[in-house]
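> here is the input, now give the coordinates:
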Amino acid sequence: MIQSAALFITAVIIGCAGAAPRGAREIDFAIIGNTAPSSPFTGHPEKLDDVYRNINRDNPALVVHTGNLVEGGGDDSAVLEKDVVRQYRDFASRRDILGPVMHAAAGERDAYNGSLDLFREYVEAKLCYSFSYGPVRFIILKIMDGDDALLPEEMKWLEKDLRACRSAGAIFVFSHYPVMASPRSGMRHVQGEELHALFARHGVKAAFSGRGRGFQEHERDGIRYVNAGCFGFNYEDPHWNFNQYYRVRYSGEALSVRGVKVKFPQGSYRPKTRTDEEGTP
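Sure thing, here's the model as predicted:
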């Protein structure tokens, strides 16, 4: 197994104390997601390195990945374990380009034969966990699709963590699939109403997700729900009209979310050809 120094540094912190941020109440972080390669069998997301370098120039305090690190699958799609392991190893090595610490939630593509064992092994993170950065609490939840309900023990842990950190300067929740999507999106989570009520009781500031390629947000009962979809990391991806990541700034009062479209080097877009689809002879 790859050592943690070469992968994501993730810490589950029971209390609400954490590393001191740059300002007394301010924090600047980035959100990225959907960085899987175009094929589980060959290749890698060729433009991801440029995105990481762009994030480094922005110099956020940390980065949260909202899932779909790899293109998984299983026996029904002829994807072998070695195919998924190769992608996780590649993602881990490319992650070293990124300066800030990265935390990750699991997406629906990150599973192999329905299991997230490889995600846990190579990302070296629990599926549900939390950490603090100064006065701000970050909570990562495993919600991969609309029917992916949290287990009873995970719900108990979440309520306990929220209760313990209710006095935090802000509480931010992250998942791949949105807990409470915009009514126009048509996305619904099976526990959406239950989780929303829990968030409202404990003063959650915002809940972020990364399903799909687009950006949607709405507010309900003082909670800001933001779906920060990303796209454009492979050569054949037409990236121009999509955000590759988002910059989030919290001043202690105001929360701003801004999408970033990376200016890739010339020639970084190559439409998929029939040869690409069939493989090189």
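> next up, the contacts around the closest residue to Val260 other than its chain neighbours.
Excluding its sequence neighbours, the residue lying closest to Val260 (C-beta to C-beta, 6 or more residues apart in numbering) is Tyr245, at 5.3 Å. Using the backbone N, CA and C atoms, a C-beta is placed for each residue, glycine as well. Contact analysis of Tyr245 by C-beta atoms under 8 Å, 6 or more residues apart in numbering lists 30-32, 51, 54-55, 63, 230, 259-260, 262.
> wait, Leu116 touches Ala105, no?
No. Here Leu116 lies out of contact with Ala105, judged by C-beta atoms under 8 Å, at a distance of 10.9 Å.
> coming back round to it: closest to Arg166 among the contacts of Tyr245?
For those, the residue nearest Arg166 by C-beta to C-beta is Ile31; the value is 23.8 Å.
> please determine how far that closest one is located from His65.
Separation of Ile31 from His65 (C-beta to C-beta, to the nearest Å) stands at 8 Å.
> neighbour count: the two, which is higher?
Neighbour count, other C-beta atoms under 10 Å: between Ile31 and His65, His65 has more, with 29 against 26.
> for the more buried one, which residues make a bridge with it?
Per DSSP bridges, the residues bridged to His65 are Ile32, Ala104.
> return the distance of Ser251 relative to Asp28.
Ser251 is 10 Å from Asp28, by C-beta to C-beta.
> hmm, back to that, so how far is Leu162 from the residue nearest to Val260?
Taking C-beta to C-beta, one finds Tyr245 at 27 Å from Leu162.
> now do Lys272
Distance from Lys272 to Leu162, by C-beta to C-beta: 44 Å.
> how about low-confidence regions in this structure?
Counting by pLDDT under 70, the chain shows low-confidence ranges at 1-24, 273-281.
> just the helices in it please.
48-58, 81-95, 117-123, 152-164, 192-201, 274-278 (DSSP state H).
> mean neighbour count and distance to Gln266 for those - can I get that in TSV?
Converted to TSV, the helices of the chain look like this (neighbours: other C-beta atoms under 10 Å; distance: least, C-beta to C-beta, whole Å):
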stretch	mean neighbour count	distance to Gln266
helix 48-58	17	12
helix 81-95	18	22
helix 117-123	19	33
helix 152-164	14	47
helix 192-201	16	44
helix 274-278	9	20
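> do you know which of those helices lies nearest Pro40?
The closest of the helices of the chain to Pro40 is helix 81-95. By C-beta to C-beta, the value is 4.9 Å.
> starting at the chain centroid, how far to the closest one?
17 Å (C-alpha atoms, centre = their mean, to the nearest Å).
> what's the angle from it to helix 48-58?
If you take axes from the mean of the first three to the mean of the last three C-alpha atoms, to 10 degrees, helix 81-95 sits at 30 degrees to helix 48-58.
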